[in-house]
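Asks: here is my input; please provide its structure:
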Amino acid sequence: VAVEPIADELVAKIKERMATLKIGDGRRGCDMGPLVTEVHRDKVASYIDVATADGADVVVDGRGIEVDGEAGGFWLGPTLIDKVPTTSKVYLDEIFGPVLSVVRVHSYDDGVDLINNGAYGNGTAIFTNDGGAARRFQNEVEVGMIGINVPIPVPVAYHSFGGVKDSIFGDSKAYGLAGFRFFTQEKAITSRWLDPSHGGINLGFPQN
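Replies: Residues are numbered from 1 along each chain as shown. You can find the predicted model right below:
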């Protein structure tokens, strides 16, 4: 299957959906609020210029949008960047803002290689009606949380939350059984009881 028509259709649908999002004060039923600080907003917005300089296509630019909120808010609307090179900081950095980057691959194998060769391994997802492809994907990708036809693969709290590679901090994950174990102080007790009629002391060492 040719990749370009599939990617073109996906990007067009994302662009159409982004146009319906309302940005502003979350107390008034908006879809997305401001970023946490001015410094972070400006850092996230700077990636749009980086994308242009690196030859990517900025399909939706979230700067300078009309918002339903205070003028001094740290606003940045949803941003869509297509055909991002894997050498670009837009791809290499974790942006932590409303910027969606599209990297096009030509095959399933290319997609898995793209994921596994990256520095991060937090969450990923595959969308397919092919059960074999889904099983192969979950076995082959080096990622901590995997979604099968689930866009944001964050599991319920009983299960572990977190990634692998540079997407993990420390030696344990925050939730699930790993979290229980982290906050649990364990004791290992080995007991051996003799009948009271035995008398004396037997340390239990082998006699021969």
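
Asks: just give the closest residue to the most centrally placed residue in the chain, not the sequence neighbours.
Replies: Closest to where the C-alpha atoms of the chain average out (Cα atoms, centre = their mean) is Gly123, at 3.6 Å. When the adjacent residues along the chain are set aside, Gly123 lies closest to Met145, with 4.1 Å between them (Cβ to Cβ, 6 or more residues apart in numbering). Bear in mind the C-beta positions are built from the backbone N, C-alpha and C, glycine included.

Asks: torsion angles phi and psi at that neighbour?
Replies: Torsion angles at Met145 (phi, psi; degrees, to the nearest 10) stand at phi -130, psi 130.

Asks: ok, it - contacts?
Replies: Applying Cβ atoms under 8 Å, 6 or more residues apart in numbering, we find Met145 in contact with 122-124, 153-155, 161-163.

Asks: now with 10 Å?
Replies: By Cβ atoms under 10 Å, 6 or more residues apart in numbering, the contact set of Met145 is 121-125, 152-155, 159-164, 167, 173.

Asks: which of those residues fall in strands?
Replies: 121, 123-125, 164 (DSSP state E).

Asks: how near is the residue nearest to Gly123 to Gly26?
Replies: To Gly26, Met145 is 26 Å away according to Cβ to Cβ, to the nearest Å.

Asks: same question, Glu38
Replies: For Glu38 relative to Gly26 (Cβ to Cβ), the value is 18 Å.

Asks: count the residues that sit near Ser107.
Replies: Here the count is done by other Cβ atoms under 10 Å, and Ser107 has 10 residues near it.

Asks: can you check the one 10 residues further on too?
Replies: Using other Cβ under 10 Å, the number of residues around Asn117 comes to 9.

Asks: next one: Ile152
Replies: Residue crowding around Ile152 was assessed by other Cβ under 10 Å; the count is 8.

Asks: touching, it and Ala125? I think so.
Replies: Yes. Under the criterion of Cβ atoms under 10 Å, Ile152 makes contact with Ala125 at 7.7 Å.

Asks: tell me which element Val11 is part of?
Replies: Assessed by DSSP states H and E, Val11 sits inside helix 3-18.

Asks: against which helices or strands is that helix packed?
Replies: strand 57-60, strand 79-82, strand 99-101 (3 or more Cβ pairs under 10 Å, 6 or more residues apart in numbering; DSSP states H and E).
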